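Student: Following is a predicted model, sequence given first.
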Amino acid sequence: MRILQRLQRRLRGLPSSPSPEEKANAWGRNALAALPANPPLVSVVVPHYNEQITYSRECLDSLALQTYPAIEVIVVDDGSASDSVQALQDLVDRYPNARLVTHQVNRGLAAARNTGLKLANGHWITFLDSDDYLPLHSITDRISVALATTDARAAGVYGPIRIVPEHRCFRRFEEAGFIGRSLGIKSFLSSLGDCPFSVHAVISKTEIIRACGGFNEQMRHGAEDWDLWHRVMRWGFVFFPTALSCGFYRQKQGSMIRTSSAHHIAEAKRLINSAFQPLPLGQQPPSSAPLPFQDPLGDYIAASQLFRRQVGFATLALLHGADDQAQLILGAITRSLLPYFNDIHPIAQVVRSSVGRYHGIESAAVPADFDESVDDLTRTIERLLADLEETP
């Protein structure tokens, strides 16, 4: 259908709009050009357990075809049958940057990933199940975003994942597509206790994943990745987004999420409930933790909503010439939480909405004539927030 539409546009003399795949390839090429001369090593951990060799080959093919030049692949077999292990060894031997590590007994998905995490040499790490695969520029794109990010809270970069049918064949030069919009920064606050992304959607700093304890090996029925991201974000780390779809998730009939759905829901309930509870006593954050979220998530959600209103009313006060009122309002904001609030309610957007309110205009309809005023007010509020003492 897309090819037919493009042909019709050409016949009418209209410019052909690029397809999502073409946009993705252009995006990926730009990301590749932006990489440093000696890019950091990325470790890809591929857990395997009695998987069809066809799926495993497609998974490893997708890694061999990555445009990113510095990758090591650690395949961890988790106690498969001996014939499956031999077939896997023969397969892995074909890829110069891949090696196979074996568990003598089945220890679970979390344990297999942790084995790879322990052996990883890369500064960055990602986890890819042996029945899933990546498009060409997946690692290049996420690393280019990661290297351009200067925020000290950053633990990694994530992108959207496309779900594909079980028997979908891997296409050697397929791109997952360009979604053209940001998914937003994922934090303990913005994720609202939910799982922020699929396990192979994210590339993380290896040292942070290790410092946060890796995967919980007691969780044998799924949600072990959710549990890890929950711990990482509760210590104050965040994940930045990219607009390029970065992986394919094969939806299989025998997948854990289908065969152990009741166990998954039980774990989901536990994880969501724990987010809305105070951090248990005795849990010590890693030394690199930006800001441990000690209180229940609900307290931070309420403070975030109040922040949006505080910035909005401070803007109205400044427009009215009541600078002292603006300082009083902003002085009640906890400075350490500002970056997390701003992730959800960007100050510039709140200011624009308030300028519209002051002039009786819907926020979405504020004309460009007000841009200079919005910029000036945004800078003023950011300066006031930077100058204020943190309120206990």
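Tutor: Received, thanks.
Student: can you list contacts of stretch 90-97?
Tutor: Stretch 90-97 is contacted from outside by 53, 56-57, 60, 63-64, 71-73, 75, 98-100, using C-beta atoms under 8 Å, 6 or more residues apart in numbering. Any C-beta I mention is one placed from the backbone N, CA and C, and that applies to glycine too.
Student: Buried ones in that stretch, by neighbour count?
Tutor: Within stretch 90-97, the residues that qualify as buried by neighbour count (16 or more other C-beta atoms under 10 Å) are L91, V92.
Student: measure it end to end?
Tutor: 14 Å (C-alpha to C-alpha, to the nearest Å).
Student: could you give the mean pLDDT of it?
Tutor: Stretch 90-97 shows a mean pLDDT of 96.
Student: same question, stretch 272-284
Tutor: 93.
Student: coming back round to it: which one of the contacts of stretch 90-97 has the most neighbours?
Tutor: V75 (27 neighbours; other C-beta atoms under 10 Å).
Student: Off-centre distance for the one helix or strand it maps to?
Tutor: Assigned by DSSP states H and E, V75 falls within strand 71-78. With C-alpha atoms, centre = their mean, to the nearest Å as the basis, strand 71-78 stands 22 Å off its chain's centre.
Student: Remind me what that strand packs against, helices and strands.
Tutor: Secondary-structure packing of strand 71-78 (3 or more C-beta pairs under 8 Å, 6 or more residues apart in numbering; DSSP states H and E): strand 42-48, helix 53-64, helix 82-92, strand 98-103, helix 109-119.
Student: quick one: which of the ones you listed is nearest D323?
Tutor: The stretch from the helices and strands packed on strand 71-78 with the least distance to D323 (C-beta to C-beta) is strand 42-48; that distance is 49.6 Å.
Student: Please name the strands paired to that closest one in the sheet, noting orientation.
Tutor: In the sheet, strand 42-48 lines up against strand 71-78 (parallel), strand 124-127 (parallel) (DSSP bridges).
Student: Next, format those as CSV and append mean pLDDT and distance to L291.
Tutor: Putting those into CSV (pLDDT from 0 to 100; distance: least, C-beta to C-beta, whole Å) gives the following:
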stretch, mean pLDDT, distance to L291
strand 71-78, 98, 32
strand 124-127, 98, 23
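Student: Keeping just the C-alphas, turn the host helix or strand of P339 into PDB.
Tutor: Taking DSSP H and E as the definition, P339 sits inside helix 338-344. Presented in PDB, the C-alpha positions along helix 338-344 are these (Å, rounded to 0.1, in the frame of the first residue of the first chain):
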ATOM      1  CA  LEU A 338      13.300  20.100  40.200                       C
ATOM      2  CA  PRO A 339      14.800  18.000  37.400                       C
ATOM      3  CA  TYR A 340      12.300  15.300  37.900                       C
ATOM      4  CA  PHE A 341       9.400  17.800  38.000                       C
ATOM      5  CA  ASN A 342      10.700  19.500  34.900                       C
ATOM      6  CA  ASP A 343      10.900  16.200  33.000                       C
ATOM      7  CA  ILE A 344       7.100  15.900  33.400                       C
END
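Student: May I see the buried residues of the lengthiest helix in the chain?
Tutor: Counting residues, the longest helix in the chain under DSSP state H turns out to be helix 297-319. Residues of helix 297-319 classed as buried by neighbour count (16+ other C-beta under 10 Å): 297, 300-301, 303-304, 307-308, 310-319.
Student: Likewise for stretch 281-289?
Tutor: Those would be P285, P286, A289, for stretch 281-289 by 16+ other C-beta under 10 Å.
Student: what do you get for stretch 361-370?
Tutor: Buried, per 16+ other C-beta under 10 Å, within stretch 361-370: V366, F370.
Student: Likewise for stretch 99-118?
Tutor: Of the residues in stretch 99-118, those buried (16+ other C-beta under 10 Å) are 100-101, 103, 107-117.
Student: The nearest residue to V101 once chain neighbours are set aside: neighbour count?
Tutor: Nearest non-adjacent residue to V101, counting by C-beta to C-beta, 6 or more residues apart in numbering: V76, 5.0 Å away. Residue neighbour count, defined by other C-beta under 10 Å, stands at 26 for V76.
Student: residues contacting V76?
Tutor: V45, V46, P47, H48, L100, V101, T102, H103, A112, R113, T115, G116.
Student: still on that earlier bit, just send the buried residues of stretch 99-118 back as a markdown table, with pLDDT and distance to Q251 too.
Tutor: Below are those laid out as a markdown table (pLDDT from 0 to 100; distance: C-beta to C-beta, whole Å):
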| residue | pLDDT | distance to Q251 |
| --- | --- | --- |
| L100 | 97 | 26 |
| V101 | 98 | 27 |
| H103 | 97 | 26 |
| R107 | 96 | 25 |
| G108 | 94 | 21 |
| L109 | 95 | 17 |
| A110 | 97 | 21 |
| A111 | 97 | 24 |
| A112 | 97 | 21 |
| R113 | 98 | 20 |
| N114 | 98 | 25 |
| T115 | 98 | 26 |
| G116 | 98 | 24 |
| L117 | 98 | 26 |
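Student: Closest one to G156 out of those, please.
Tutor: Distances from G156 to the buried residues of stretch 99-118, taken by C-beta to C-beta, are shortest for L117, at 13.5 Å.
Student: So F240 belongs to a strand, correct?
Tutor: Yes - assignment of F240 by DSSP: H, G, I helix; E, B strand; the rest coil places it within a strand.
Student: Following the record's annotation, map out the domains of the chain.
Tutor: Here the domain assignment for the chain is 2-275, 297-387, based on automatic domain parsing.
Student: Flag whichever of those domains has the least confidence on average.
Tutor: domain 2-275 - the lowest mean pLDDT of the domains of the chain, at a mean of 88.
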